[in-house]
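Trainee: mind folding the following:
(chains A, B, C and D)
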Protein chains: 2
Amino acid sequence: MEGLPTLRDVARKSGLAISTVSAVCRGKGAFYHISPKTQARVLRIAEAIGYRPNQLAVSLKTGVSRFVPVLGRTYRVPITQERQHNIAQLLTQQGFQVLLYDFHWFDRQEKNLLASVREIPFAGLIVSDLNEPRLHQELWPLWRKVPCILVDSGQPAGFDHVYLDRHQVAYQAARHLLQHGYQRIVYTIPEGRNYWLLNERRRGFIKAMKEFGKTVGQENFVWVNPKPGCSYQLGLEIGQKIIRNRPEAVMALNDQLAIGLIRAFSEKGLRVPEDIAVVGSENLPEGQFCQVHLTTVDFLAEKVATEVVNLFRKRLAGDWSDFPKKIVVSPQIVVRRSCGCLGQKTLEVADEKERKQ
Amino acid sequence: MEGLPTLRDVARKSGLAISTVSAVCRGKGAFYHISPKTQARVLRIAEAIGYRPNQLAVSLKTGVSRFVPVLGRTYRVPITQERQHNIAQLLTQQGFQVLLYDFHWFDRQEKNLLASVREIPFAGLIVSDLNEPRLHQELWPLWRKVPCILVDSGQPAGFDHVYLDRHQVAYQAARHLLQHGYQRIVYTIPEGRNYWLLNERRRGFIKAMKEFGKTVGQENFVWVNPKPGCSYQLGLEIGQKIIRNRPEAVMALNDQLAIGLIRAFSEKGLRVPEDIAVVGSENLPEGQFCQVHLTTVDFLAEKVATEVVNLFRKRLAGDWSDFPKKIVVSPQIVVRRSCGCLGQKTLEVADEKERKQ
DNA sequence: CTGAAAGCGCTTACAG
DNA sequence: CTGAAAGCGCTTACAG
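Mentor: Got it, this is the predicted structure:
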């Protein structure tokens, strides 16, 4: 830190007062009627010695911070990485300083994380993937009328929340399968976990099944225990087990798991989608490039990120009129080959027919 | 930011002077002979009103910053994400505030990135994946006797540099193939790029080939154009093309590409490794779980991250005795099934035999 | 048009 | 043991 040029250095070099130089550097030269000649000289000197305002001092003085901690759970989870990346990019491009934290670094010590975050005055907070309601409480001491946007985080009371509609994820996938005549459908779902976004998936699945006159029981779920970075292999393992029960279609928790499933089925001589269909969710790039191109439900990370940052800026601008707000982003099914449909157009026609019957 | 409790609030509540409270909060109570009773009272009050020292003010006053910008190129590149994650975790756990930047956000406007970084006084800098020598120059104005550790970044003059040995990556992979009798080996290498780490790979490849009495020509390279997130499919495409020339073994630029290759070969009825061998590099989790478990060269992201952070802290502690230092981390071959070896032990025996001949 | 002065929240000698 | 004072680098009325 030592030796960075300061406003005083520029003032001394230019023979002007600090306040004059400050005004020019902030672009307020015209406002203070400082002559263009003087302004140009100041700017030239500042440039020459490499002066940049010290944001720490600026923040301290003005009480306005540009720091935005972005907390999430991204380790080896491509879809959350993608979203986090998009959020950070938007914030950075808009002049914020992004402090990135991963819950994975703290391992059940989220309090340490939050304590560390509290030491720097921030413009606001973005918190993703916080499913445990008890942790929502922890956020309160951090949060004093400064924007705090939760993302994909259960049902936080008294917080703005932007999330991707998991009910729709499951509903769209199941409906798509049912429309194509698949009857015995199973859904791979993490076991022993019970958070809201997951329940939403279950509910969406059940709703679609009911609409097609089917009941849902234990036999429609396959309990899995996903670990970061290993979804693909989990799909392989689960796929081998599932085969015994001969379902007609599988809804995978995510794309990597789906790709693993497809692999497992092929190895056992089953054809996808003729013998068994697979639908993923997330829409990662690899889904376009596996052996059977994956039909999946796009999580629209970029759209979610945009909504998050827009809401964040709205709050920062002082508009709390609709607080607390829920923004629900609807996912979008992407039809490729893994469930035997013929393309979106054809699908819609089939859909129409079905309704008329 | 408004309304955060300050030292003054604690002082007023406790009826003590600000400096006394400050001493206690910094754990310097004993040093100043402040009575335990007083200390306990101060701490209790601070806790009660949720006081935390404002790091911006602390930095400004002491001239010591805990901010560490970590720059890199991680978008949809699992291996750099892994390394970045490890570095950020170590730094955060050691009390630094990590500012994460991705070159991808700036798209040829790295100057904007650096300008933004310069506005906050930092403890030091970690810069990864900066292969263009012209950009090394840009770092100089940022860097005034504050640690700046480059990672996997070409051959920066006058900077500390920690990198994974790409020469070894290619050498180990090629040698492994040659030891198993594979003759016609091709290496998939990005085309139209010419940076040092890539050249190191070429050199390592050539060295191994020479050691086995083989010459290397254009026919030993397959030029590819990798895009983030699409390596898997690139492998599929390239695999289909490569088949025409019937090589016996392929060294893939990375694991995802390797997995794609294996897929492509299988689809054409070639058996891996009986008909054609594939070696990856990076050692991502998925390599353990693809159809043929991938033999690959581990990039040891965690080890690299540890070296980076250790060197960073050494510099921060004022020890510049060995500056500028190069730390070269050697990768490690991970033998699985995709090149037909029988396991590390057997391999080494084969190796010995070969040398004796 | 320009400059002197106060103060953001803290730490650090230094005086009592 | 405790407190008054200066100052980190900046911004912002306000006086000239």
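Trainee: only C-alpha atoms from now on, for both contacts and neighbour counts.
Mentor: Fine.
Trainee: ok, the residue positioned nearest the centre of chain A - contacts?
Mentor: Geometric centre of chain A, nearest residue: residue A:83, 3.6 Å, by Cα atoms, centre = their mean. Residues in contact with residue A:83 (Cα atoms under 8 Å, 6 or more residues apart in numbering or on different chains) are A:301-302, A:304-305.
Trainee: show me where the stretch 101-250 of chain A has its strands.
Mentor: Assigned by DSSP state E, counting those that start in this stretch, the strands in the stretch 101-250 of chain A fall at A:125-128, A:148-151, A:160-164, A:185-190, A:221-224, A:249-251.
Trainee: would residue A:260 count as being in a helix?
Mentor: Yes - counting by DSSP: H, G, I helix; E, B strand; the rest coil, residue A:260 is part of a helix.
Trainee: pull stretch A:72-80 out as PDB, backbone CA atoms only.
Mentor: Provided in PDB are the C-alpha atoms of stretch A:72-80 (Å, rounded to 0.1, in the frame of the first residue of the first chain):
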ATOM      1  CA  GLY A  72     -23.000 -18.900  -2.400                       C
ATOM      2  CA  ARG A  73     -22.300 -22.600  -2.700                       C
ATOM      3  CA  THR A  74     -20.500 -23.100  -6.000                       C
ATOM      4  CA  TYR A  75     -17.800 -25.600  -5.400                       C
ATOM      5  CA  ARG A  76     -17.900 -28.100  -8.300                       C
ATOM      6  CA  VAL A  77     -21.500 -27.200  -9.000                       C
ATOM      7  CA  PRO A  78     -21.500 -26.000 -12.600                       C
ATOM      8  CA  ILE A  79     -24.900 -24.400 -12.500                       C
ATOM      9  CA  THR A  80     -24.300 -22.300  -9.400                       C
END
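Trainee: list the buried residues for it?
Mentor: Residues A:72-76, A:78-80 are the ones in stretch A:72-80 that count as buried (16 or more other Cα atoms under 10 Å in any protein chain shown).
Trainee: residue A:229: what's it in contact with?
Mentor: By Cα under 8 Å, 6+ apart, the contact list for residue A:229 reads A:76-77, B:285-286.
Trainee: tell me, how many neighbours does residue A:324 end up with?
Mentor: Neighbour count for residue A:324, taken as other Cα atoms under 10 Å in any protein chain shown: 14.
Trainee: correction: residue A:13
Mentor: As a burial measure, residue A:13 scores 12 neighbours (other Cα under 10 Å).
Trainee: so which bits of the host helix or strand of it are buried?
Mentor: In the assignment (DSSP states H and E), residue A:13 maps to helix A:7-14. By 16+ other Cα under 10 Å, the buried positions in helix A:7-14 come out as A:7, A:9-11, A:14.
Trainee: same list (the residues you listed) but as JSON lines, adding distance to DNA strand C.
Mentor: JSON lines is the format used below for the buried residues of helix A:7-14 (distance: Cα to the nearest atom of the strand, whole Å):
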{"residue": "A:7", "distance to DNA strand C": "11"}
{"residue": "A:9", "distance to DNA strand C": "13"}
{"residue": "A:10", "distance to DNA strand C": "12"}
{"residue": "A:11", "distance to DNA strand C": "8"}
{"residue": "A:14", "distance to DNA strand C": "9"}
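Trainee: residues from the stretch 201-350 of chain A in reach of chain B?
Mentor: A:229-230, A:232-233, A:236, A:263, A:285-286, A:288-291 (Cα under 8 Å from any Cα of the partner chain).
Trainee: circling back: got the contacts of residue A:83 as CSV, with neighbour count and distance to residue A:170 columns?
Mentor: As requested, those are exported to CSV (neighbours: other Cα atoms under 10 Å in any protein chain shown; distance: Cα to Cα, whole Å):
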residue, neighbour count, distance to residue A:170
A:301, 23, 17
A:302, 16, 20
A:304, 25, 18
A:305, 24, 21
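Trainee: out of those residues, list just those in helices.
Mentor: In helices, defined here by DSSP state H, the members of the contacts of residue A:83 are A:301-302, A:304-305.
Trainee: tell me which of these is nearest to residue B:337?
Mentor: For the ones in helices among the contacts of residue A:83, the minimum distance to residue B:337 (Cα to Cα) is 36.1 Å, reached by residue A:301.
Trainee: ok, the closest residue to the closest one other than its chain neighbours to DNA strand D distance?
Mentor: Spatial nearest neighbour of residue A:301, excluding adjacent residues (Cα to Cα, 6 or more residues apart in numbering or on different chains): residue A:83 at 4.8 Å. Counting by Cα to the nearest atom of the strand, to the nearest Å, the gap between residue A:83 and DNA strand D amounts to 32 Å.
Trainee: quick check: mean pLDDT across the helix or strand harbouring residue A:83?
Mentor: Using DSSP H and E, residue A:83 sits within helix A:78-93. Average pLDDT, helix A:78-93: 95.
Trainee: quick one, it and helix B:78-93 angle?
Mentor: Interaxial angle, helix A:78-93 versus helix B:78-93 (axes from the mean of the first three to the mean of the last three Cα atoms, to 10 degrees): 70 degrees.
Trainee: contacts only, for whichever residue of the stretch 251-357 of chain A sits closest to DNA strand C.
Mentor: Nearest residue of the stretch 251-357 of chain A to DNA strand C, counting by Cα to the nearest atom of the strand: residue A:316, 18.7 Å away. Counting by Cα under 8 Å, 6+ apart, residue A:316 touches A:123-124, A:146-147.
Trainee: no more questions from me, cheers.
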